[in-house]
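Asker: Generate coordinates for the sequence data below:
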Amino acid sequence: MGYALTTLEDETETEGDGDEAEINALGNKKRTAKRAPVIGFDMGGTSTDVSRYHGRFEQVTETQTAGVTIQAPQLDITTVAAGGGSALTFKSGTFRVGPESVGSEPGPVCYKKGGTKLSVTDANVMLGRIVPEYFPNIFGTGENEPLDVHATRVAFELETDAINAALAENAARNGEQKPTELSTEDVALGYLRVANETMCRPIRQITESKGHETSNHVLAAFGGAGPQHACSVARALGIKKVFVHRFCGILSAYGMGLADVVEETQLPFVGVLCDGVSGTLNNETLDRALALAQTLKTTVVGDLCEQGFDRNATRSEIFLNLRYDGTDTAMMIAEEISETETETEVSFSFVRAFKQQFEREYGFDLANRDLRIDDVRVRGTGVSGLVRREPIGGCFGHEKDQNKKKNKIAPTPDTTKQVFFDNGWCDTPIFLIETLPSGVVIRGPAVIMNGTATCVIEPGCDATLTRFGDLKIAVDVAGLENRNETKETSQPTPVDPVNLSIFSNRFMGIAEQMGRTLQRTAVSTNIKERLDFSCALFAPDGGLVVRAFPI
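Answerer: Model (predicted):
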């Protein structure tokens with residue numbers, strides 16, 4: 001995750017060229033003043049992990065997975081059960097993706113191992129977004145056959161018949177007109193749209209619920225299936241730029257060799273940092289906290305040196321775990337140091353940063369409340385420089401300084417296939433990334449095979465190949481606005497099961513965010529500990545739309 005995001009910054013924000021702009025482990029790069037916040041989008045076989053990065057990795061000290069609370073410092077990564085192997089089901093008139101998985105044995109229908117349950121992978125095969133000719137023949141019971149497109153289509157035809165029958169029966173029961181029958185392609189695309197919305201939900205959770213505008217981010221897509229869905233997910237979120245790393249399909253393994261070594265230590269602390277009424281900083285409390293931090297810093301730097309790092313190749317950060325008196329909402333605030341700030345201003349930076357983050361996440365500030373320190377933490381980092389990226393000129397045999405005019409010529413695709421998008425079947429060129437020169441622009445629709453993943457470039461999107469072999473995709477978000485336009489009519493129209501599923505996800509996400517905010521800011525024990533509350537959305541006539549259970 002981290003390396004994809006760091007690479008994005010180097011590729012888009014670094015000035016200069018040659019050795020001056022090379023990626024290096026110490027981060028000594030000449031950058032522009034503004035850095036784009038990034039959303040990490042890692043879609044694999046059974047789940048999707050999302051994260052946010054803006055200058056530093058966001059961490060949490062407590063998470064909840066499958067109802068189990070885990071208290072340990074860790075990266076703030078949110079996981080949702082939607083991946084290539086997530087099962088596709090039609091229940092109660094809506095399309096559903098996950099949380100059940102079809103598993104690896106027998107796996108999706110297209111694996112040709114006797115699987116009968118359709119998955120997200122099957123939907124991509126059905127619509128031509130996965131091209132069997134570019135996959136190894138490792139499927140079937142003998143693990144020597146290609147992906148089975150025919151069996152996938154037959155399974156989707158049966159699913160389509162069942163869905164159309166259920167929709168017609170439901171309309172007759174409610175006295176409504178019979179809905180227009182869905183085609184096999186409509187069903188497959190509908191499942192993909194619902195899957196994309198399911199993955200958009202945690203992205204909104206880590207951005208909008210914390211006061212960040214989702215559309216202002218760059219989507220860094222990786223994982224085996226991430227680049228297949230990146231353009232659709234970005235468009236649904238209003239994100240205009242997607243970044244796909246050269247080794248997106250194996251980025252987790254690749255990143256292990258690039259990861260810095262981190263040592264952290266933390267001790268509890270009791271003291272009031274800032275008086276709530278007067279706003280006066282308690283210097284005695286701050287001095288004690290910083291003295292403890294220096295002791296912890298000596299410990300973590302010593303531990304790194306014992307692992308072979310030179311003291312000059314280490315860096316450390318001080319964090320104070322702050323909260324308002326009477327609340328349980330503590331936030332780990334990092335020390336912010338500027339060359340122009342005095343010691344007093346640096347001290348107040350903790351208070352200022354806490355108030356800004358609290359108001360951004362919750363939309364208000366608690367007046368006349370003392371600000372308390374609960375813990376002091378120090379993070380020491382030993383910078384690793386095990387791997388150095390090389391431009392594709394050295395990897396693919398192209399000259400380093402190519403004639404830019406050549407890159408403006410439309411490249412020759414390896415082949416052309418039929419791929420289904422919102423506007424129907426399209427003749428779509430298939431490109432091999434190793435045959436493309438840096439700087440070339442591929443206009444969608446297109447499919448780019450990069451050796452570790454399939455990258456789907458949707459209509460209205462343009463992909464540019466960087467000098468490191470990464471893809472920067474410009475997304476036309478206006479296409480989503482045009483698709484969402486509806487014509488006013490006085491006649492009642494049948495409910496679209498796909499849109500019903502999508503908006504159910506969106507409404508539930510809103511209700512859940514309401515519940516999280518209420519729980520984290522509450523003073524009442526009934527709410528913050530006994531969870532004696534619920535949040536819901538209602539229609540103008542008072543009808544219940546969606547209700548989220550207590551978190």
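
Asker: Could you pull up phi and psi at the residue nearest to residue 237 when sequence neighbours are not counted?
Answerer: Counting by Cβ to Cβ, 6 or more residues apart in numbering, residue 237 lies nearest to residue 214, which is 5.0 Å off, once chain neighbours are set aside. All C-beta spots, glycine's among them, are computed from the backbone N, C-alpha and C. When read as degrees, to the nearest 10, the backbone of residue 214 gives phi -60, psi -40.

Asker: OK, contacts around residue 214?
Answerer: 39, 203-204, 207-208, 237-239 (Cβ atoms under 8 Å, 6 or more residues apart in numbering).

Asker: Selection in PyMOL covering whichever of these are buried, please.
Answerer: A single PyMOL command is used to select the members of those judged buried by 16 or more other Cβ atoms under 10 Å:
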select buried, resi 39+203+204+207+237+239
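
Asker: Among the contacts of residue 214, name the ones in strands.
Answerer: residue 39 (DSSP state E).

Asker: quick one: residue 303 and residue 140, what's the gap?
Answerer: 51 Å (Cβ to Cβ, to the nearest Å).

Asker: cool, residue 372 as well?
Answerer: 63 Å.

Asker: who has more neighbours, the two?
Answerer: residue 372 (22 against 15; other Cβ atoms under 10 Å).

Asker: quick one: the lengthiest strand in the chain to chain centroid distance?
Answerer: Using DSSP E to assign secondary structure, the strand with the most residues in the chain is strand 261-274. On the basis of Cα atoms, centre = their mean, to the nearest Å, strand 261-274 sits 29 Å off its chain's mean C-alpha point.

Asker: can you check stretch 146-162 too?
Answerer: The chain centre lies 30 Å from the centre of stretch 146-162; the measure is Cα atoms, centre = their mean.

Asker: What average pLDDT does it get?
Answerer: The average pLDDT for stretch 146-162 rounds to 91.

Asker: Quick one: residues in contact with it.
Answerer: By Cβ under 8 Å, 6+ apart, stretch 146-162 touches 88, 90, 108-112, 116, 118, 122-123, 125-126, 130, 132-133, 135, 137, 139-140, 182-184, 186-188.

Asker: what about burial for those residues, which qualify?
Answerer: Judged by 16+ other Cβ under 10 Å, buried ones among these: 88, 90, 108-112, 118, 122-123, 125-126, 130, 132, 139, 182, 184, 186-188.

Asker: buried stuff in stretch 170-177?
Answerer: Neighbour count says stretch 170-177 has 170-171 buried, by 16+ other Cβ under 10 Å.

Asker: how about low-confidence regions in the protein?
Answerer: Scanning the chain for pLDDT under 70 picks out the ranges 1-34, 61, 63-69, 337-348, 385-388, 393-409, 479-495, 528, 550-551.

Asker: all helices for it, in order.
Answerer: Along the chain, the stretches classed as helices by DSSP state H are 2-13, 120-126, 149-173, 184-207, 226-237, 251-256, 283-306, 343-362, 392-396, 404-407, 478-484, 497-521, 525-528.

Asker: And these: which comes nearest residue 456?
Answerer: For the helices of the chain, the distance to residue 456 is smallest for helix 226-237, at 5.0 Å, taking Cβ to Cβ.

Asker: what is the orientation angle of that closest one with helix 184-207?
Answerer: Angle between the axes of helix 226-237 and helix 184-207 is 70 degrees (criterion: axes from the mean of the first three to the mean of the last three Cα atoms, to 10 degrees).

Asker: Now do helix 226-237: which elements does it pack against?
Answerer: The contact analysis (3 or more Cβ pairs under 8 Å, 6 or more residues apart in numbering; DSSP states H and E) places helix 226-237 against strand 38-43, helix 184-207, strand 218-222, strand 241-244, strand 454-457, strand 471-475, helix 478-484.

Asker: between the ones you listed, which gets nearest to residue 250?
Answerer: Nearest of the helices and strands packed on helix 226-237 (Cβ to Cβ): strand 218-222, 9.0 Å.

Asker: For stretch 155-174, list every residue counted as buried.
Answerer: Under 16+ other Cβ under 10 Å, the buried positions of stretch 155-174 are 155-156, 159-160, 163-164, 167, 170-171.

Asker: can I get these in a markdown table with distance to residue 254?
Answerer: A markdown table is the format used below for the buried residues of stretch 155-174 (distance: Cβ to Cβ, whole Å):
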| residue | distance to residue 254 |
| --- | --- |
| 155 | 35 |
| 156 | 35 |
| 159 | 37 |
| 160 | 40 |
| 163 | 41 |
| 164 | 45 |
| 167 | 46 |
| 170 | 49 |
| 171 | 51 |
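
Asker: closest to residue 463 among those residues?
Answerer: Once Cβ to Cβ is applied, the member of the buried residues of stretch 155-174 that ends up nearest residue 463 is residue 156, at 28.4 Å.

Asker: which residue packs closest to residue 290, ignoring adjacent ones?
Answerer: Going by Cβ to Cβ, 6+ apart, residue 290 has residue 318 as its nearest residue, at 7.3 Å.

Asker: Neighbours of the spatially closest residue to residue 117 that is not a sequence neighbour, how many?
Answerer: Closest residue to residue 117 apart from its sequence neighbours, by Cβ to Cβ, 6+ apart: residue 102 at 4.5 Å. For residue 102, the neighbour count with other Cβ under 10 Å is 25.

Asker: got it, and residue 367?
Answerer: Residue 367 has 8 nearby residues by other Cβ under 10 Å.

Asker: what's near enough to touch it?
Answerer: residue 276 are the contacts of residue 367 under Cβ under 8 Å, 6+ apart.

Asker: and the gap between it and residue 333?
Answerer: 19 Å.

Asker: Please parse this structure into its domains.
Answerer: As given by automatic domain parsing, the domain ranges for the chain are 86-194, 261-382, 497-548.

Asker: Turn those into CSV, columns for distance to residue 253.
Answerer: CSV is the format used below for the domains of the chain (distance: least, Cβ to Cβ, whole Å):
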stretch, distance to residue 253
domain 86-194, 18
domain 261-382, 17
domain 497-548, 32
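
Asker: Of all the ones you listed, which one comes closest to residue 437?
Answerer: domain 86-194 (20.5 Å).

Asker: wait, what's in contact with residue 362?
Answerer: 517, 520-521.

Asker: got a winner among those for most neighbours?
Answerer: Of the contacts of residue 362, with other Cβ under 10 Å as the count, residue 521 tops at 19 neighbours.

Asker: ok, it touching residue 329?
Answerer: Yes: counting by Cβ atoms under 8 Å, residue 329 is a contact partner of residue 521 at 6.1 Å.

Asker: what's the neighbour count on the closest residue to residue 319 other than its chain neighbours?
Answerer: Nearest non-adjacent residue to residue 319, counting by Cβ to Cβ, 6+ apart: residue 377, 4.2 Å away. Residues near residue 377, counting by other Cβ under 10 Å, number 22.

Asker: who does residue 377 bridge with?
Answerer: With DSSP bridges as the criterion, residue 377 is bridged to residue 266, residue 319.

Asker: Next one: it from residue 318, what distance?
Answerer: 8 Å.

Asker: Can you say which of the helices of the chain is nearest to residue 446?
Answerer: helix 226-237 (10.6 Å).
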